[in-house]
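Participant: Any chance you could fold what I've pasted below:
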Amino acid sequence: MPISLLDRLNASSDRRPERLDVQARTRGVASARRIIGVLLLVAPLEQVAFDIYTPSLPKIAGYFAASNTLVQNTVTAYVLGMALVVLPAGLIADAIGRERVLLTGLSLMTLTSIGCALTASLPMMIGLRFAQGLGAGTCLLLAATVAADCFRGAKLVSVLGLLGAAWGSAPVVAPAVGGVIAEFGSWRLVFVMLAALTATVGLLVALILPETLRRERRSPINLRAAAGVLGEALRHRAFVAFAMMFGLVAAAQTVFGVVGPFLYEVGLGFSSSTYGFISLGVGAANFLGAATCGAMVLRTTTRRLAIGGSAVLALAGLLMLASAHFVGLSAVAITGGAALALLSIGTLDPLTKGLAMGVFSRNIGLITGLISTFCYVSMTLATALMAWLPERSQAPLGWFYVAAAAALVTVLMTTARHASRVDVAA
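Facilitator: Numbers count the residues shown, from 1 in each chain. Here you go, the predicted structure:
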């Protein structure tokens, strides 16, 4: 009987080369690399669609003669769409496979990007961004689910660290690219570029990414059974705690992208391109943190990494609070605090998600969807809160970071035994 792709990947992951001949092992390693390569393109797309147009928010507000709060609702609508789609997308992906669901999401992102480029009103853009969020919600969800199909334990966390680094590259590159396009072109051109990007990745998925969910592991859509799986997960205290931690970390990353353009461009008078390049530096810290997590998780405990990351996040918040009180609106203080915050978030993001995903070994698509729901609900609430708060000071960002760090440490202390089990299992 021929050896399946998943068998070769799992054999390579579990270090059991005696089950495979040299040729099969070579094919397995090559297949794993191709899969990871495609996932590295898919994982950041939802964040790219979030970040690439944020430098244009003040310009969009001016074009439609709308308030800052109303324009920021395009961000909230996008995240709300992601929050609503992940559970049904995970359920469907467990039933019919990963590839078709992912291709549907990428197609929807492409079409709605074209719609945003052509929109004639802000309410229409808000609706299109909501629909775009429905498509974008499949990207990181399916990337993580495919990774979980192929790897477990510390290796899964390590791969998630790579995906987190790719996800973290979006805040590095996307605002800089979007800022330049908005400065020397137009905000509509930003969405044209986004449509081209999502269409290209969709083509690569169709041509390269295999279906990683074997037929014998598929679960027919059964709402009663799905409710049972979700109920079991929600009754599992450690899982809920880890999922809440992941949601807090994602929310902490999101708020800078919502508030930053108005602090720099409106409060300090910087151009869109200047803000974009500042975000480039801030995002680089996030990328560094994510890349570090992938390496450090194999050398130390998750608890130590989580405590260290939370401490850096708290320090970032205190820096912003102190500067807001003693200096006022300051580009140096905002940038330094945001860089520290994004450095810690880059480490905490794959770590907390890996802890949550490591609790269960079945119905991975549905479980990952539930984890993503925690994430996107937290992001929706955070963006709505930051849109409501005034953008004349970095203090609201500081308070958010300090509160998030305190909550993370509190939850971690209550789940220390479960985190230790994950370390042992890895």
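
Participant: From here on, just use CA atoms for contacts and neighbour counts.
Facilitator: OK.

Participant: Check the chain for its longest helix and report it.
Facilitator: helix 153-184 (DSSP state H).

Participant: So which elements touch that one?
Facilitator: helix 22-42, helix 45-51, helix 122-150, helix 187-208, helix 272-296, helix 331-357, helix 416-425 (3 or more Cα pairs under 8 Å, 6 or more residues apart in numbering; DSSP states H and E).

Participant: what pLDDT, on average, does it get?
Facilitator: Averaging pLDDT along helix 153-184 gives 78.

Participant: now the angle from it to helix 187-208?
Facilitator: Interaxial angle of helix 153-184 relative to helix 187-208 (axes from the mean of the first three to the mean of the last three Cα atoms, to 10 degrees): 150 degrees.

Participant: Between helix 272-296 and helix 153-184, find me the angle.
Facilitator: 170 degrees.

Participant: Pull the distance from helix 153-184 to the chain's centre.
Facilitator: 9 Å (Cα atoms, centre = their mean, to the nearest Å).

Participant: hang on, the earlier thing: tabulate the helices and strands packed on helix 153-184 (JSON lines), appending mean neighbour count, distance to Gly247 and mean pLDDT.
Facilitator: Below are these laid out as JSON lines (neighbours: other Cα atoms under 10 Å; distance: least, Cα to Cα, whole Å; pLDDT from 0 to 100):
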{"stretch": "helix 22-42", "mean neighbour count": "18", "distance to Gly247": "20", "mean pLDDT": "70"}
{"stretch": "helix 45-51", "mean neighbour count": "25", "distance to Gly247": "15", "mean pLDDT": "90"}
{"stretch": "helix 122-150", "mean neighbour count": "25", "distance to Gly247": "14", "mean pLDDT": "91"}
{"stretch": "helix 187-208", "mean neighbour count": "19", "distance to Gly247": "25", "mean pLDDT": "94"}
{"stretch": "helix 272-296", "mean neighbour count": "24", "distance to Gly247": "16", "mean pLDDT": "81"}
{"stretch": "helix 331-357", "mean neighbour count": "26", "distance to Gly247": "9", "mean pLDDT": "88"}
{"stretch": "helix 416-425", "mean neighbour count": "15", "distance to Gly247": "17", "mean pLDDT": "50"}
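
Participant: Between those, which one is closest to Ala66.
Facilitator: helix 122-150 (8.2 Å; Cα to Cα).

Participant: what packs against the closest one?
Facilitator: Packing partners of helix 122-150 (3+ Cα pairs under 8 Å, 6+ apart): helix 5-13, helix 22-42, helix 45-51, helix 68-96, helix 98-118, helix 153-184, helix 364-388.

Participant: If we use 6 Å, what do you get?
Facilitator: helix 68-96, helix 98-118 (3 or more Cα pairs under 6 Å, 6 or more residues apart in numbering; DSSP states H and E).

Participant: Comparing these, which comes out most buried?
Facilitator: helix 68-96 (a mean of 23; mean count of other Cα atoms under 10 Å).

Participant: for the record, mean pLDDT for that helix?
Facilitator: Per-residue pLDDT values over helix 68-96 give a mean of 88.

Participant: from the chain's centre, how far out does that helix sit?
Facilitator: Distance, centroid of helix 68-96 to centroid of chain: 12 Å (Cα atoms, centre = their mean).

Participant: repeat for stretch 229-245
Facilitator: Stretch 229-245 sits 19 Å away from the centroid of its parent chain (Cα atoms, centre = their mean).

Participant: buried set for it?
Facilitator: Val229, Leu230, Ala233, Ala238, Phe239, Val240, Ala241, Phe242, Ala243, Met244, Met245 (16 or more other Cα atoms under 10 Å).

Participant: cool, and stretch 369-385?
Facilitator: Residues 369-380, 382-384 are the ones in stretch 369-385 that count as buried (16+ other Cα under 10 Å).

Participant: and those, which two are the farthest apart?
Facilitator: Gly369 and Ala384 (22.0 Å).

Participant: thinking again about what came up before, mind putting the helices and strands packed on helix 122-150 into JSON lines with distance to Gly276?
Facilitator: Output for the helices and strands packed on helix 122-150, formatted as JSON lines (distance: least, Cα to Cα, whole Å):
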{"stretch": "helix 68-96", "distance to Gly276": "17"}
{"stretch": "helix 98-118", "distance to Gly276": "20"}
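
Participant: what's the closest of those to Lys353?
Facilitator: Nearest of those to Lys353, taken as Cα to Cα: helix 68-96 at 14.8 Å.

Participant: For the helices and strands packed on helix 153-184, give me CSV that also has distance to Gln253.
Facilitator: Below are the helices and strands packed on helix 153-184 laid out as CSV (distance: least, Cα to Cα, whole Å):
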stretch, distance to Gln253
helix 22-42, 19
helix 45-51, 10
helix 122-150, 15
helix 187-208, 21
helix 272-296, 9
helix 331-357, 6
helix 416-425, 23
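
Participant: circling back: tilt between the longest helix of the chain and helix 122-150?
Facilitator: 150 degrees.

Participant: Let me know the angle separating helix 153-184 from helix 331-357.
Facilitator: 140 degrees.

Participant: and which of the buried residues of stretch 229-245 is nearest Arg34?
Facilitator: For the buried residues of stretch 229-245, the closest approach to Arg34 (Cα to Cα) belongs to Ala243, at 28.9 Å.

Participant: Enumerate every residue touching Ala406.
Facilitator: Contacts for Ala406 (Cα atoms under 6 Å, 6 or more residues apart in numbering) come out as none.

Participant: Now it. Its backbone dihedrals?
Facilitator: With angles defined as degrees, to the nearest 10, Ala406 sits at phi -60, psi -40.

Participant: start the count at 80, not 1, going forward
Facilitator: Taking 80 as the first residue, the last one we looked at is Ala485.

Participant: what's the spacing between it and Ala390?
Facilitator: 9 Å (Cα to Cα, to the nearest Å).

Participant: what's the answer for Ala463, then?
Facilitator: For Ala463 relative to Ala390 (Cα to Cα), the value is 26 Å.

Participant: mind checking the SS state of Ala145?
Facilitator: coil (DSSP: H, G, I helix; E, B strand; the rest coil).

Participant: got it, and Arg378?
Facilitator: Recorded secondary structure, Arg378: coil (three-state DSSP).
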